[in-house]
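Undergrad: With the input below, show me the fold.
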Amino acid sequence: MESLTSRILRYQQTGAEREAIVRDVARRVYEYPRRKCRWDEEVSSEFFARVFPKIQGMIERFKDVGRPFESYLASMLLFQVRTFAHERRKRELEWEVSADPMICGMELAESDGSSGASPPPSSVCRPWEDLDPAVREIFEVEADGIIRLLPAKRRFLVACLKSAHLLSDGDVAAIARIAGRDEAALHAGVQKLRARSLDRSARLARFTERRNRAFSELRLTDARIVREIDPQRRRELEERRSRYMATLRSSQDMIARIRLAPSHRQIADVLGIPKASVDSTIHRLKRRAVAFYAPRHEEYA
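TA: Below you'll find the predicted structure:
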């Protein structure tokens, strides 16, 4: 019976028996991990699915240097098995670490819009009759949901524009109606404030991604350290852990410094009032809010 090596060399010259050769090589690829590694059918099938697209390239690249194709194939499959096993262990470890409640909690925090990347669902548009009576009194909202006193309107607008990066178009429409402002002009002002926060939002997203990636790698490295028995490799992992920890701290420090809320001067420019007026308005708002929402220390005892 003609050897597989001879058939492959003839195929390289004439292109004959391509499908039959690929089929014979594929059978050897599938049997290799079951015979050499004692892998079960599921893992062997996963390995086969990974290697099968590479069979044609193996056949094309084979050179007759005195060794049969079976020897060449065995060396290639040994490399593929080691790579596959390493990646599979890494993937299983990632799945294990991803079940950590700390990581799950972080993913939930990122998905609720708290990073500032996208506005959360509107909270300003809900019916004003459902608002806390203290909020009604702070902003002097009348029974029909309209603010008529000019100082109260200023307080309300300043408070809303301080969160311009979170306002939806529906929020802006509701704010304009309640404060008696032109909706188009207010919307233009909010858009202006949003545009000024785009760079900060992009920086926040970058540092948040860097922090999350460092935290994930830190947890994976911790899991590898527990399993590692080689002292040299363990020291390398501990050094890597220190680098991830430093990245995590620096990223978190940068995140804490980034403020998406517009500055007092930017709010003043949009409303056409002095910056000092915005400063004093926010100061008075804080004092009024403390009076209505005094902390109840017994809740934290």
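Undergrad: which residues sit in contact with I147?
TA: Residues in contact with I147 (CB atoms under 8 Å, 6 or more residues apart in numbering) are 139-141, 153, 156, 178-180. C-beta coordinates here come from the backbone N, C-alpha and C atoms, glycine included.
Undergrad: which of these lies closest to S251?
TA: Ranked by distance to S251 (CB to CB), the contacts of I147 are led by F156 at 36.3 Å.
Undergrad: got a list of contacts for the helix or strand that closest one falls within?
TA: In this assignment (DSSP states H and E), F156 forms part of helix 150-161. By CB under 8 Å, 6+ apart, the surrounding residues in contact with helix 150-161 are 124, 138-140, 147, 167, 171, 175, 178-181, 189-190, 193, 262, 267, 270-271, 273, 277-278, 281-282, 284-285.
Undergrad: The helix or strand containing Q232: what's the following helix or strand?
TA: Secondary structure assignment for Q232, by DSSP H and E: helix 231-257. Per DSSP H and E, the first helix or strand lying C-terminal to helix 231-257 is helix 264-271.
Undergrad: What is the helix or strand following that next one packed up against?
TA: Sequence-wise, the next helix or strand downstream of helix 264-271 (DSSP H and E) is helix 275-292. In terms of contacts (3 or more CB pairs under 8 Å, 6 or more residues apart in numbering; DSSP states H and E), helix 275-292 is packed against helix 133-139, helix 150-161, helix 264-271.
Undergrad: CA atoms only for the helix or strand following the helix holding F156 - export them in PDB, please.
TA: Using DSSP H and E, the helix or strand that follows helix 150-161 towards the C-terminus is helix 169-179. The C-alpha trace of helix 169-179 is given here as PDB (Å, rounded to 0.1, in the frame of the first residue of the first chain):
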ATOM      1  CA  ASP A 169     -34.100  65.300  25.600                       C
ATOM      2  CA  GLY A 170     -37.300  64.500  27.500                       C
ATOM      3  CA  ASP A 171     -35.700  65.800  30.600                       C
ATOM      4  CA  VAL A 172     -34.800  69.100  28.900                       C
ATOM      5  CA  ALA A 173     -38.400  69.500  27.600                       C
ATOM      6  CA  ALA A 174     -39.800  68.900  31.100                       C
ATOM      7  CA  ILE A 175     -37.200  71.400  32.700                       C
ATOM      8  CA  ALA A 176     -38.100  74.000  30.100                       C
ATOM      9  CA  ARG A 177     -41.800  73.700  30.900                       C
ATOM     10  CA  ILE A 178     -41.400  73.700  34.700                       C
ATOM     11  CA  ALA A 179     -39.000  76.700  34.600                       C
END
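Undergrad: Nearest to N212, out of the helices and strands packed on helix 275-292?
TA: Comparing the helices and strands packed on helix 275-292 by their distance to N212 (CB to CB), the top pick is helix 264-271, with 29.5 Å.
Undergrad: buried stuff in the closest one?
TA: Buried residues in helix 264-271, counting neighbours by 16 or more other CB atoms under 10 Å, are found at 264, 266-271.
Undergrad: now, among those residues, which is nearest to R27?
TA: The closest of these, once distances to R27 are taken by CB to CB, is Q266, at 70.0 Å.
Undergrad: so what's the closest one up against?
TA: Per CB under 8 Å, 6+ apart, neighbours of Q266: 193, 196.
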